[in-house]
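J.: Sharing a model that was predicted from the sequence below.
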Amino acid sequence: MFRFGIGLRSILKESMRGKGLGRESVEQIMEKFQHIPNRPKKGLVIKAGLMDKTVTVAIDYLAPRRGKYRQFDGKVKRRVRLLVHDEENACRVGDHVLIRQSRPISRRKHHIIYAITKKEPGRAWLDSHPDYEYKARPELRK
């Protein structure tokens, strides 16, 4: 499966030529990029709309426990929060996204949005019903 010298650009060209990137599932895309150092990572948008073209994405992973009895304790869930570039300001809080590393855009921002895999259901409903008046928290209509 692994080919030496393969990059993200060549895999995308292959998938767009005959197969089409839109027909593949997220798991198939992640499997293709498994052996590439700059592969996309799954994350959850936890902050959006506070900065222009920037969202905060949390990535959860399992890490080995450190300490005296680490061989018995297994793994611990850890979370990394990253600032990610969102060119179209399309992401909202609760969206599941794929991100990948890019050139440094600012001091703390060096990832970009690769794809939005799942929109937050409440936000998607509000976007599809623009005539609905949300009286409790009007700041959500932005």
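T.: That came through fine.
J.: From here on, just use CA atoms for contacts and neighbour counts.
T.: OK.
J.: contacting residues for Pro104?
T.: Pro104 is in contact with 110-111, counting by C-alpha atoms under 8 Å, 6 or more residues apart in numbering.
J.: For Tyr123, which three-state class applies?
T.: In this structure residue 123 is Arg, not Tyr. With DSSP: H, G, I helix; E, B strand; the rest coil as the basis, Arg123 sits in helix.
J.: what about it, distance to Ser106?
T.: 29 Å (C-alpha to C-alpha, to the nearest Å).
J.: okay, those two: which has more neighbours?
T.: Arg123 (16 against 9; other C-alpha atoms under 10 Å).
J.: Show the pLDDT at that one.
T.: Listed pLDDT for Arg123 reads 74.
J.: Now do the contacts for it.
T.: Arg92 are the contacts of Arg123 under C-alpha under 8 Å, 6+ apart.
J.: swap in Ile116?
T.: The contact partners of Ile116, taken as C-alpha under 8 Å, 6+ apart, are 91, 95-98.
J.: Could you dump those residues into a markdown table with neighbour count and pLDDT added?
T.: A markdown table is the format used below for the contacts of Ile116 (neighbours: other C-alpha atoms under 10 Å; pLDDT from 0 to 100):
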| residue | neighbour count | pLDDT |
| --- | --- | --- |
| Cys91 | 24 | 92 |
| Asp95 | 21 | 93 |
| His96 | 21 | 94 |
| Val97 | 22 | 96 |
| Leu98 | 20 | 95 |
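J.: who does the helix or strand containing Lys47 touch, helix- and strand-wise?
T.: Using DSSP states H and E, Lys47 falls within strand 41-51. On a contact count with 3 or more C-alpha pairs under 8 Å, 6 or more residues apart in numbering; DSSP states H and E, strand 41-51 meets strand 54-64, strand 96-101.
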